[in-house]
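Novice: Sequence and predicted model, in that order:
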Amino acid sequence: MKRLVELARFPRESTRCDRERRSQTRYPLSISINGVPIDGQGKPTGLPLSLTLCDIAEAGAGLTTFDRLEAGLLLLQVVIPHEGVASLIGCVEWLKSVGKITRFGMSFPTEG
């Protein structure tokens with residue numbers, strides 16, 4: 001996770017606005033990734049989804065999709081060039097559909 005945030009952070013600056021309520025800075029990007037809905041044991045509960053990762057921080061991310069999505073756990077698979085695939089598990093915290101697109105926010109479990 002930290003490596004993905006490091007890659008998103010460099011070389012651009014973060015974007016924060018006055019109405020930002022998150023405690024961590026999110027870094028903007030636009031990467032096509034895959035996601036799979038999973039249950040608490042990590043078993044798939046639905047078909048793979050095509051997602052766009054729009055911003056990321058160590059504690060969460062903002063994404064969009066044209067696929068149907070419900071709240072729950074998602075396994076994200078992000079290809080990092082020259083490094084391989086990073087697999088992240090996150091929880092869908094909110095969803096907002098506008099036309100055919102769904103914007104959503106995810107939180108990642110904290111270590112500790």
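Specialist: Here it is on my side, so go on.
Novice: rest of the way, CA atoms for contacts and neighbours
Specialist: Fine.
Novice: got the contact list for the spatially closest residue to residue 108 that is not a sequence neighbour?
Specialist: The shortest distance from residue 108 to any non-neighbouring residue, by CA to CA, 6 or more residues apart in numbering, is to residue 90 (4.6 Å). Contacts here follow CA atoms under 8 Å, 6 or more residues apart in numbering; on that basis residue 90 touches 60, 73, 74, 75, 76, 106, 107, 108, 109.
Novice: In PyMOL, how would I select just the buried ones from those?
Specialist: Burial among the contacts of residue 90 is assessed by 16 or more other CA atoms under 10 Å; the matching PyMOL selection reads:
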select buried, resi 60+73+74+75+76+106+107+108
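Novice: Sort out for me which of the contacts of residue 90 are in strands.
Specialist: 60, 73, 74, 75, 76, 106, 107 (DSSP state E).
Novice: name the element residue 37 belongs to?
Specialist: Using DSSP states H and E, residue 37 sits within strand 27-38.
Novice: in that strand, what's buried?
Specialist: For strand 27-38, by 16+ other CA under 10 Å, it's 27, 28, 29, 32, 34, 35, 36, 37, 38.
Novice: Just the CA trace of that strand, in PDB.
Specialist: Extracted in PDB, the C-alpha atoms of strand 27-38 (Å, rounded to 0.1, in the frame of the first residue of the first chain):
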ATOM      1  CA  TYR A  27      -3.100  12.000  -4.200                       C
ATOM      2  CA  PRO A  28      -4.900  12.300  -7.600                       C
ATOM      3  CA  LEU A  29      -4.300   9.700 -10.300                       C
ATOM      4  CA  SER A  30      -6.300   7.900 -13.000                       C
ATOM      5  CA  ILE A  31      -5.500   4.200 -13.300                       C
ATOM      6  CA  SER A  32      -7.700   1.400 -14.700                       C
ATOM      7  CA  ILE A  33      -7.800  -1.500 -12.200                       C
ATOM      8  CA  ASN A  34      -9.800  -4.600 -11.500                       C
ATOM      9  CA  GLY A  35     -11.800  -5.300  -8.400                       C
ATOM     10  CA  VAL A  36     -13.700  -8.400  -7.000                       C
ATOM     11  CA  PRO A  37     -16.400  -8.300  -4.400                       C
ATOM     12  CA  ILE A  38     -15.400 -10.600  -1.500                       C
END
